[in-house]
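**Q** make a model of this:
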Amino acid sequence: MDWYCAVWNSDKVNNDMGAQILYEKLCRNETSLVSNCEDLEMFYEEISGKSYMLKADKGEGYVILSCEFNDAEVISDLVQDIAKKYKLSFYDPQNIYYINFSK
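**A** Numbers count the residues shown, from 1 in each chain. The predicted structure is shown next:
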């Protein structure tokens with residue numbers, strides 16, 4: 001079983017449910033609520049080289065990441081640390097957990 005999370009650049013989300021709605025839109029390639037930025041590009045470059053356990057799929061304004069469920073705790077911490085560094089938003093859809101590091 002896989003575990004997923006997402007990192008994005010958006011000021012349109014204020015809570016967990018808003019993040020869930022945005023995540024579902026991103027899974028359908030609806031990107032009107034996110035925007036690309038240099039920090040997201042730097043996040044993607046950094047996270048791509050961090051772990052062989054992690055798969056990162058980048059879209060315009062977001063990155064959806066996945067790994068084996070057994071590795072989820074370690075990967076979640078890693079992704080959140082790097083998202084915080086670049087002041088991006090993090091969302092874990094399995095636990096409906098959202099944090100905006102830009103605030």
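**Q** hey, let's count contacts and neighbours off CA atoms from now on
**A** Noted.
**Q** where along the chain do the helices fall?
**A** Taking DSSP state H, the helices of the chain run over residues 16-27, 38-48, 72-85.
**Q** pretty sure residue 47 is touching residue 79, no?
**A** Yes: contact criterion C-alpha atoms under 8 Å: residue 47 and residue 79 qualify, at 7.2 Å.
**Q** give me the neighbour count for residue 49.
**A** Residues lying near residue 49 (other C-alpha atoms under 10 Å) number 9.
**Q** model confidence score at it, please.
**A** Note on residue 49: pLDDT of 88.
**Q** what angle do the helix or strand of the chain with the lowest mean pLDDT and helix 38-48 make?
**A** Least confident helix or strand, the chain: strand 55-59 with a mean of 94, by mean pLDDT, DSSP states H and E. Put simply, strand 55-59 runs at 160 degrees to helix 38-48, going by axes from the mean of the first three to the mean of the last three C-alpha atoms, to 10 degrees.
**Q** between residue 47 and residue 79, tell me which one has more neighbours.
**A** Taking neighbours as other C-alpha under 10 Å, residue 47 and residue 79 compare with residue 79 leading, 21 against 17.
**Q** so what strands line up beside the least confident helix or strand of the chain?
**A** Strand 55-59 pairs in its sheet with strand 62-68 (antiparallel), by DSSP bridges.
**Q** and the strand it pairs with, what's buried?
**A** 62, 63, 64, 65, 66, 67 (16 or more other C-alpha atoms under 10 Å).
**Q** the nearest residue to residue 96 once chain neighbours are set aside - how many residues pack around it?
**A** Closest residue in space to residue 96, ignoring its immediate chain neighbours: residue 16 at 6.0 Å, by C-alpha to C-alpha, 6 or more residues apart in numbering. Residues lying near residue 16 (other C-alpha under 10 Å) number 17.
**Q** just the pLDDT for residue 16.
**A** Checking the pLDDT column for residue 16, the value is 97.
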